[in-house]
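J.: sequence plus predicted model, see below.
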Amino acid sequence: MIRRKRVFEILERGMPGDTLSIVVDYGIILIIVLNIVAVIISSFNDLPVLLTRGLSIFEYLSIGIFTLEYGLRLWTAPYKYPSRRFPYLRYILSFMALIDLCAILPFYLPFIVGVDLRVLRILRLFRLLRILKLNRYNNAVELIAQVFKGEKEKILTTVFMTGVMLLLAASVMYYVENAAQPDKFPNIIATLWWAVATLTTVGYGDVYPITHIGKVLSGLIAILGIGLVALPAGIISSGFIKAISKEEQARQEAVPKTSSPGAKQVCPHCGKEIE
């Protein structure tokens, strides 16, 4: 009988030397990538019948594998949270478990509750969330969350400044252009669309000022937008540099130092002393 602890080791990220766990990791990664490709292909119209059937069979197989994975991870939750109460509930409410659930739930939902076909098509888009399952094998999402958490005060400040700038720009442009273009600038809320397109320097060209004052103001707002939009990008970039530097420093500290005679060697994976 397969031990629960061994199942947990297989499902977790494979450690060097654990061939079965590494094979399972790469197998799940391959299935996730193929699922994203299948979602993209299924968006085309008039697909061959054979290809449509193949995509359906692959979807059933994927759902079966992801459901089994979710069940086994729930079963091995006590090893995931060994020193905490309610390990099963903690796993169910964890971020990756919610992603796993969102990856399989849209398939089972129509069988449980009657769902309109339009809603069903929207639910199928949740299959794209399966790409977030790759976070188990790559800490990219975790790194992004750390950056936003560490720089949240600065980011919130820039978001607040951007909101104030958008509101001021929309208000001023409304009073300047409303008389000349009542259909393009009917109110401040509608003018916000022009403000967003101008501040971000996108400039779709569907709404633009025609008065001389409006053109001057539009140019000034676009110039201010260049610096304002660059602020969050700079804050996030510096946050990534700090986070990556911390990870690199922690990785170097985990490597055992053998330069001095008699120094103890510590395993960087389990933390135990190597004899």
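T.: Right, received. Where do you want to start? Predicted, not measured: the structure shown is a model, and the values here were computed from it.

J.: ok, residue 168 - contacts?
T.: Listed by C-beta atoms under 8 Å, 6 or more residues apart in numbering, the contact set of residue 168 is empty. Using the backbone N, CA and C atoms, a C-beta is placed for each residue, glycine as well.

J.: try residue 28
T.: 65, 69, 133, 137.

J.: surely residue 143 touches residue 242?
T.: No. Residue 143 is beyond contact range of residue 242, at 11.0 Å (criterion: C-beta atoms under 8 Å).

J.: residue ranges in this structure under the pLDDT threshold?
T.: Along the chain, the model assigns pLDDT under 70 to residues 1-2, 114-126, 138-141, 254-275.

J.: quick one: the helices in it?
T.: 4-11, 19-42, 49-75, 77-80, 87-92, 95-112, 117-124, 140-150, 152-177, 188-199, 212-254 (DSSP state H).

J.: now the third one: buried residues?
T.: By that I understand helix 49-75. Judged by neighbour count using 16 or more other C-beta atoms under 10 Å, the buried positions of helix 49-75 are 55, 59, 62-63, 66, 69-70, 72-73.

J.: elements contacting that helix?
T.: helix 4-11, helix 19-42, helix 87-92, helix 95-112 (3 or more C-beta pairs under 8 Å, 6 or more residues apart in numbering; DSSP states H and E).

J.: what packs against the third one?
T.: Judged by 3+ C-beta pairs under 8 Å, 6+ apart, the packing partners of helix 87-92 are helix 49-75, helix 77-80.

J.: between the ones you listed, which gets nearest to residue 103?
T.: Closest approach to residue 103 among those (C-beta to C-beta): helix 49-75, 5.6 Å.

J.: starting at the chain centroid, how far to the closest one?
T.: In terms of C-alpha atoms, centre = their mean, to the nearest Å, the centre of helix 49-75 is found 22 Å from the chain centre.

J.: now that helix and helix 95-112, what's the angle there?
T.: 120 degrees (axes from the mean of the first three to the mean of the last three C-alpha atoms, to 10 degrees).

J.: what's the distance between the residue nearest to residue 10 when sequence neighbours are not counted and residue 66?
T.: Nearest residue to residue 10, sequence neighbours excluded (C-beta to C-beta, 6 or more residues apart in numbering): residue 21, at 4.8 Å. Counting by C-beta to C-beta, to the nearest Å, the gap from residue 21 to residue 66 is 18 Å.

J.: I'm done for today, thanks for sticking with me.
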